[in-house]
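*Asks:* let me see the structure of the following:
(chains A, B, C and D)
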Amino acid sequence: MLTLECPCCGVMADETELSPGYEAHLKRFGPGASPEEFEAYMFARKNPKGVHFERWRHAYGCGKWFLAARCTATLEVFGTYPAQVSEPPPEIIATIKARRPDWEGFK
Amino acid sequence: MSTRLAKGGRLIDRMAPVEFTFNGKRLRGYQGDTLASALLANDQMLVGRSFKYHRPRGIVASGPEEPNALVNLGSGARLEPNQRTTTTEVFDGLEATSQNHWPSLKFDVGVVNNYAARFLPAGFYYKTFIHPRPFWKHVFEPIIRRSAGLGKAPTTGDADHYEQAYAFCDVLVIGGGVAGLLAARAAADAGSRVILLEQSATLGGRTVVDETMVQGKPVDAWLSAIEADLAARDTVTIRTRTCGFGVYDHGYVLADERVADHTPGDGRPKHRLWRIRAGRIITATGAIERPLSFAGNDIPGVMLAGAVRDYVVNHAVSPGDRTVVVTNNDSAYQTALALKAAGLEVPVILDARDSATGALPDAARAAGIRVLTGRAIAKVKGGKRVTGISVCAQAGEGAVLEEVPCEAVAMSGGWSPVVHLWSHCGGKLLWDEAISAFVPDPARPPLNHDGSAMVTVVGAAAGCLSLGNILAGFGKASGKGAIGLPDTCQTPDGSVSVPPVWVMPQGAPIALRSKMWLDFQNDVKVSDVQLAAREGYQSVEHTKRYTTLGMATDQGKLSNINGLAVLAEALGQDIPQVGTTTFRPPYTPVTIGALAGEARGEIFQPLRRTPMHEAHEKSGAYFEPVGLWRRPYCFPRAGETHEQAVHREVLNTRENLGLLDASTLGKIIVKGPDAGKFLDMLYTGVMSTLPVGKCRYGLMCNEQGFLSDDGVVARIDEDTWLCHTTSGGADRIHGWMEDWLQCEWWDWQVYTANVTEQYAQVAVVGPNARKLLQALGGMDVSREALPFMQWADGTLGGFPVRVYRISFSGELSYEIAVPASHGAAFWAACTEAGKALGAMPYGTEALHVMRAEKGFIMIGDETDGTVIPQDLGLDWAISKKKTDYLGKRGQERTFLADPDRWKLVGFETLDGSVVPDGAYVIADGTNANGQRNVQGRVTSTYYSPTLKRGIAMGLLHQGPTRMGDVVEFNTVAGGTVKARVRDMVFYDRDGEKQNV
Amino acid sequence: MKRYSVFAIAREAMRNHMGWDRAWASPEPKPAYDVVIVGAGGHGLATAYYLGRNFGITNVAILEKGWLGGGNTGRNTTIIRSNYLQDPSAAIYEKSRSLYETLSQDLNYNVMFSPRGVMMLAQTHHEVRGYLRTQHANALQGVATEFISPQRVKELCPILNIDGPRYPVLGALWQARGGTGRHDAVAWGYARACSDMGMHIIQNCEVKGVRSEGGKVTGVDTTKGFIGTKKLGMVVAGHSGQLAEMAGFRLPIEAVALQALVSEPIKPCMDVVVMANTVHGYMSQSDKGEMVIGGGTDGFNNYTQRGSFHHIEETLRALVETFPIISRLKMLRQWGGIVDMTGDRSPLISKTPLGNCFINFGWGTGGFKAIPGSGWAMAELMAKGEPGPLAEAFSMWRFKEGRFIDESVAAGVAH
Amino acid sequence: MSDPGIQPRSALGGMTFAGFASVRETGPVGMITMRAKNLKSLGKAVKAAVGTRVPAQRRIEVAGDKACAWMSPDEYLLLMPYADVSGALGAISKALAGEHHLAADVSDARAVFRIEGDSADRVLCKLCPADLDRLAPGEVRRTRAAQVAVAFWRQDGGYTLVSFRSVAGYVMGLLSHSARIGSDPG
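*Replies:* Numbers count the residues shown, from 1 in each chain, chains lettered A, B, ... in the order given. A predicted model of the protein is given here:
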């Protein structure tokens, strides 16, 4: 039963206030994209055991989507941040590196 | 015999006698008794039968670890099977019956299994009942099923209600013994908001039974003082009868409060499930005493030594006049002393250790009790109750040295800290050699959301088994941090020593080992675990599953460590090397009703009602669920079947006037400078060019390209559109819009608002539709003023309305939106004004029939998540000019772009019958897997009351090129139905009726 | 190996069961095998068994990171059915179900397949239509199902509340030859048979890397050293992504937690398996008397085998409404498993970008029922190097083409 | 906005329940949802519509029988007497002319409840995963009540709670169940 702090309204939200949205920072491929690009966009998933970046919506709260950096092996949360970015912000990266020195970094 | 003592009993109130029944026999107890103590007070040693061999079973413990003394409690709508007598508070009128026997507790036919035990070792069922094949299901399995199970199955629903509640705290303390109380005080002193949970009705834990003085005060006075101290603080909440049964991630703890178990029928909720979110969790859950493994250790009258002490001290119950104590540690001597103090006889203490020199053994000797060291029980005698024991040397093979008659045996194999809650979220354990037990490893705690330690363990649960050391640990309290304690203030206790004694006597031969019970309820013996090891089931999980050790209702609280030790010995490994099985919640079984909470009956799920719901109920509507909405399926009149009602509604709508409650239709405002661009991405068609005042039908696809929703879009003003969605789609589509706006196109200037519930919507449909609106009066709804696919604001009958001239039936039709608070009144006004025009309400099924007659698709019928708009002949609603829309790239994939796909056509059966729902169009031959080839399937099929014949739509391989072909649908009876392929529009192909 | 039978038990009883063989051997790994299978769960062991039985390939090692059968094989709700909608699914699940019918005899190990019947309740008109579609499809697929009336539902399962005010039962899709099996026994039975054929089951042996040469697999690095192989079959759940990464490709899979629970045992009161998909719950009663209840999946990636409790609550709310008698029973044990959910919720039985490396992944919430059929199809794929008809549709490249095998389109969901 | 002869009807018509706390549906309340962010005239618009300041994150500003609640970074809920809505919409539209915003009447899309009495907290704590002890004065909490979305804040010695209209019966059922006599958890 996770708790995540919604960066949009500041509430420490119970998992039951949230809707999960799987992998974050996917780049959309539309018409003109190669079959491989489109397949990668729609289906190929990192699904890591460890540090993961994912989408959540504060569905029963402020209604906003936000992003979370979380460890899928321990459920530890490194931080949450607004959805309007294409990669994790530096302070999140720094927090993760501090707690997971072996982490290979965002890619 | 076991009986009530004349004096004493900390917890019982002799002034408050209660009467209860056991197997119909009327018995008496006192308030403060558990059912177990009251049964013992009435000499009810035999209380149940074991799972597999149906052996006689008596009370062995005094807490939630009890494996044997389970009863059916109550009856009828208050029957509760498998209730533990040791945690059930007795009350006046309690009814209990024993379990797992036929025809009676004393004479149980199932006990033949016991005599055949030799043929029924662990896992015997995997090795037999293999032939002949049908016999497993029809002969062997039914016998096993009947013999297994424990309590009776209830036959009715539950008379009680339940509720749940959330709680938040900085520090949650689980366990109200001395360690828990001190931890709560330390945390409160540190300024934390604290909740303390205690599973039983009273605080104090073991200390109040085992000790006389705490911190220089008499134990009861000490307890009263700290209770009063905590109760006086605003920041501390204490909940008794509340078992914290599971620790979950991120500080989430579930606890079950037994609010009214002991006062059934008083109107209070039976249980309350607490959902607690704690910053830190302290478990002070104590330790559970382990049985010793000697032959006959399962006979009624053999009890845990601590339990015997509990019954004597708390309930003034004697387990028997003569009790033999057998132990490998000092704590059991307290039992001997308590028995002696109560005036009972302890013929001998058998101590498996070579010597016993501590204060307690000395006290026992001083009290005149005979103490034999290096001795063990060779065998317990008796059947349905203990009659005596044979003494042997622990070091030998069981040669009998002496016989001792007795009525009870108090055993102690040491103490296992309750590490369950520590382990639920991944806390790791260490094996402590001194006390021969697993203890929490403070270096590897379960982690909280921020990566910090989530749980701290104090008291006996940490392996700190002596009160002195517990108190000393709290003396080191630092006052820092939320819990006000160092994480490791409680450590395993060097002052207590429990040498390993896993089998008694050490060299017991098979005849004895096959009478030594590890798991009393599931009938797992030492010999079974040894057999599993020999057969290669060497992982502790394999052994558990193969023998069912630890899988009974006590979940191995008494048996796991003993079983593990036997396994380790059989494998020649160390215990920590073998490891434990995983500790899973719940710590003690939890009533399912409490987990379901308030959600039953009327509030089982939210039920969404339109503003006209009451009117429909009064009209006798038959409702169907549409998502969480309830919509009238049809409005049957007296004597009508649903089918007849639907036909009448269709015909009346086509001939006169029908009224449909369309309020559930989704309505989403999309507004902003970029709204047109946004909608052009969302819909397959173009919405940006829609003129103000007009409506356009649109399709939405997911990124895969599959059709997900449809509806009419109205342009409200220059930068505002109103998007209608399907009834089930409103929230989903609104969420979908917000997802794209927030996460992909966040720089686009677009706002959305879901106003679905702001409006009640009534579809006025049929040749008399305009007349009805004119009768209501207030705005011009003529063909010229309000042409097809336009909308207008105005008033009708005094109601503020927005009228959409759209049709889903092929008839002249208006959809009228009014503010929801006027919905019921507007519906009534339409009904009233419609009387003269032949108006009748119609339901969703008539709607479906009429749209099928017109060849309109329905999301969820023609679509199923694998269909693209191109399959449905909806190419006209897909812009060819747009470079992009959601789903466009997905639709370009080879399989979706294949011209060979199944496409939508109409079907009419040659004989006029209705194509069966769900039928497939068969093709010649079979595929490589032997399945009949198919070339299409029906998607909508109805009897058309308008055309007086069956009509259908469906997907067919290359359908549109096959007009006039005759195809065959399969039927489940094995035959086929022939149908001719045709276009989808069965009614008013030119659309003349809707355009009048 | 000694055969199991009632006579063997009687014989052994006379000597205190001292003469039983080990069910399977625990050998040290050889330097190389013809085939290495990663994962000694039901699917991996079944793959090995049918490689031996159907193709005579017995120089096989099955590597297991923990204890055999310890993944989802030992954590599921033991339901066996094949009433699937889409042809490829119906084919492999029906193959599986029919193999279950004789599995105890084939393995000489009682896996307790109990065809007690599986019913999927229809509680909305939409669901009725969905199941009628499945029934028509099944009739053409050779899967025996029937749509039964509410009265028949009640006769088959008297404890069901068919007149619930919210979702009255309108009928059910009934598969009389569906049922349950003993999950551990399936793994143990296959393991014993594999061991008997001389295959090596190597437990506590984790794969740490995949080696290849010229685009073809050559072996795996493990915690017990390098093990060479001509063909590699990866047959796991939960860690498929990590294995795929070692082999150099990415999967259309997310790993999420799925939960289940059992009640305390009670005397028999339910002889069939009931699935109620409108309210999301399913239940059966085990031979021990426990009510076996399946919960929902979480919606986030998770490798902890601990799900979120609100799914348990949702399931129990649904089931108390559907089976009012369970309200006063107690939840005895809850647990979670990690399931691999693919892009269309159907499995991958496929060749891969790496030569001679084959995968059998992504069974989601429906793996137990598929074990024999999955092993059969995977063995054929590995032995021949090309998929047979059972496996063909489950290629990992189907997503690129848009060729989904989507079972959620019917009212039913996969369990 | 409507014919004065036609009275609006709230979802439950003012239903009440007396338990260890009292629960009532309040009847019609005027409500406007306003989507706007970083607008120069936002303060003016709110002032004109309901006479309050723009609330800070998760706060509600109350002025007599009107209020403005912060719902999300770009969303406000304006509350007022039912009859005042069309005037307020006009005022917003005037104040924000030319600026990107959305304002819509949602009075009829919602139901409003009052939970009153000393134990009101203990009604809500059974339904909402929100730490009521930590609810600041003037704070609006959007969360769940059992299975549906709600928003609530403390006001006048009790709570005002807003839900969607279609589920008003469910919410009333929840609140009544939670407030049953004898079920005060203390």
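*Asks:* low-confidence regions, chain D specifically.
*Replies:* For chain D, residues meeting the criterion pLDDT under 70 lie at D:1-5.
*Asks:* quick one: the strands in it?
*Replies:* For chain D, the strands identified by DSSP state E occupy D:16-18, D:22-25, D:30-35, D:60-63, D:66-72, D:75-80, D:102-105, D:110-116, D:141-145, D:148-155, D:158-164, in order along the chain.
*Asks:* out of those strands, which comes closest to chain C?
*Replies:* Comparison of the strands of chain D against chain C by Cβ to the nearest Cβ identifies strand D:141-145 as nearest, at 10.2 Å. In short, each C-beta sits where N, CA and C put it, glycine included.
*Asks:* and the closest one, which strands flank it?
*Replies:* Strand D:141-145 has these partner strands in its sheet, going by DSSP bridges: strand D:148-155 (antiparallel).
*Asks:* name the surrounding residues that touch the strand it pairs with.
*Replies:* Outside strand D:148-155, the residues that touch it by Cβ atoms under 8 Å, 6 or more residues apart in numbering or on different chains are A:59-60, B:606, D:60, D:62, D:69, D:71, D:77, D:124, D:128, D:135, D:137-144, D:159-164, D:167, D:170-171.
*Asks:* let's see that with 7 Å instead.
*Replies:* A:60, B:606, D:60, D:124, D:135, D:137, D:139-144, D:159-164, D:167, D:170-171 (Cβ atoms under 7 Å, 6 or more residues apart in numbering or on different chains).
*Asks:* do the same with stretch B:49-61
*Replies:* Stretch B:49-61 has contacts (Cβ under 7 Å, 6+ apart) with B:36, B:39-40, B:45-48, B:66-69, B:85-86, B:100-101, B:108, B:110-111, B:113-114, B:117, B:120, B:148, B:150, B:298, B:300-304, B:307, B:383-384, B:520-523, B:552.
*Asks:* looks to me like B:A186 is in a helix.
*Replies:* Yes. With the criterion set as DSSP: H, G, I helix; E, B strand; the rest coil, the secondary structure at B:A186 is a helix.
*Asks:* for chain A, what lies in contact range of chain D?
*Replies:* If contacts are counted using Cβ under 7 Å from any Cβ of the partner chain, the residues of chain A sitting beside chain D are A:C8, A:C9, A:G10, A:D14, A:T16, A:E17, A:Y60, A:G61, A:C62, A:G63, A:K64.
*Asks:* buried subset of the residues you listed, written for PyMOL?
*Replies:* A single PyMOL command suffices to select whichever of those are buried according to 16 or more other Cβ atoms under 10 Å in any protein chain shown:
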select buried, chain A and resi 8+9+14+16+17+60+61+62+63+64
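*Asks:* show the overlap between the residues of chain A next to chain D and what lies near chain C.
*Replies:* Residues shared between the residues of chain A next to chain D and the neighbourhood of chain C are A:T16 [Cβ under 7 Å from any Cβ].
*Asks:* name the nearest of the residues of chain A next to chain D relative to chain C.
*Replies:* Among the residues of chain A next to chain D, and counting by Cβ to the nearest Cβ, the member closest to chain C is A:T16, at 5.1 Å.
*Asks:* can you give me the distance of the closest residue to that closest one other than its chain neighbours to C:R317?
*Replies:* For A:T16, the nearest residue in space outside its immediate sequence neighbours is C:H310; the separation is 5.1 Å by Cβ to Cβ, 6 or more residues apart in numbering or on different chains. The spacing between C:H310 and C:R317, counted by Cβ to Cβ, to the nearest Å, is 10 Å.
*Asks:* in chain A, what residue comes closest to chain B?
*Replies:* Of the residues in chain A, the one nearest chain B is A:M1, at a distance of 3.9 Å by Cβ to the nearest Cβ.
*Asks:* distance check, the residue of the stretch 1-150 of chain C found nearest chain A against chain B.
*Replies:* Of all residues in the stretch 1-150 of chain C, C:K65 sits closest to chain A, at 12.6 Å by Cβ to the nearest Cβ. In this structure, C:K65 and chain B are 12 Å apart, going by Cβ to the nearest Cβ, to the nearest Å.
*Asks:* for that residue, what are its contacts?
*Replies:* C:C205, C:E206.
*Asks:* does chain D sit close to whatever helix or strand B:G834 lives in?
*Replies:* Element membership of B:G834, judged by DSSP states H and E, is helix B:823-834. Yes. Using Cβ under 7 Å from any Cβ as the criterion, contacts between helix B:823-834 and chain D involve B:A824, B:A825.
*Asks:* identify the bridge partners of B:S944.
*Replies:* In this structure, B:S944 has beta-bridge partners B:R949, where bridges are defined by DSSP bridges.
*Asks:* and it, how many neighbours?
*Replies:* With neighbours defined by other Cβ atoms under 10 Å in any protein chain shown, the count for B:S944 comes to 20.
*Asks:* where does pLDDT dip in chain A?
*Replies:* Residues of chain A meeting the criterion pLDDT under 70: none.
*Asks:* in it, where's the longest helix?
*Replies:* For chain A, the helix that runs over the most residues, judged by DSSP state H, is helix A:90-99.
*Asks:* OK, now which residue of the stretch 151-300 of chain C is nearest to chain B?
*Replies:* Taking Cβ to the nearest Cβ, the stretch 151-300 of chain C has C:G289 as its residue nearest chain B, at 2.9 Å.
*Asks:* distance check, that residue against C:N110.
*Replies:* Using Cβ to Cβ, one gets 19 Å for the distance from C:G289 to C:N110.
*Asks:* more neighbours, C:H310 and C:R317?
*Replies:* Relative neighbour count places C:R317 above the other of C:H310 and C:R317, with 24 against 18, counting by other Cβ under 10 Å.
*Asks:* secondary structure element holding that one?
*Replies:* Going by DSSP H and E, C:R317 is in helix C:309-322.
*Asks:* helix or strand right after that helix?
*Replies:* Toward the C-terminus, helix C:309-322 is succeeded by strand C:330-342 as the next helix or strand (DSSP H and E).
*Asks:* now the helices for chain C?
*Replies:* Ranges of helices within chain C are C:6-13, C:42-55, C:87-101, C:103-107, C:125-141, C:150-156, C:183-196, C:240-247, C:309-322, C:371-384, C:398-401, based on DSSP H.
*Asks:* just list what the last one packs against, helices and strands only.
*Replies:* Contacts defined by 3 or more Cβ pairs under 7 Å, 6 or more residues apart in numbering or on different chains; DSSP states H and E place helix C:398-401 against helix A:35-42.
*Asks:* hmm, who's touching the helix it packs on?
*Replies:* Counting by Cβ under 7 Å, 6+ apart, A:L26, A:K27, A:R28, A:F29, B:E703, B:Q704, B:R889, C:F399, C:K400 sit against helix A:35-42.
*Asks:* ok, now which ones touch the second one?
*Replies:* In this structure, A:K27 makes contact with A:Y41, judged by Cβ under 7 Å, 6+ apart.
*Asks:* how about the residues of chain A near chain B?
*Replies:* Residues of chain A lying near chain B (Cβ under 7 Å from any Cβ): A:1-3, A:28-31, A:33, A:38, A:42, A:55, A:63-65, A:74-77, A:83-84, A:99.
*Asks:* so which of these sit within helices?
*Replies:* Counting by DSSP H, the residues of chain A next to chain B place A:F38, A:M42, A:R99 in helices.
*Asks:* the first one: neighbour count?
*Replies:* Counted by other Cβ under 10 Å, the residues lying close to A:F38 total 24.
*Asks:* if we can go back for a sec, could the residues of chain A next to chain D go into TSV alongside secondary structure?
*Replies:* TSV is the format used below for the residues of chain A next to chain D (three-state DSSP):
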residue	secondary structure
A:C8	coil
A:C9	coil
A:G10	coil
A:D14	strand
A:T16	helix
A:E17	helix
A:Y60	coil
A:G61	coil
A:C62	coil
A:G63	coil
A:K64	coil
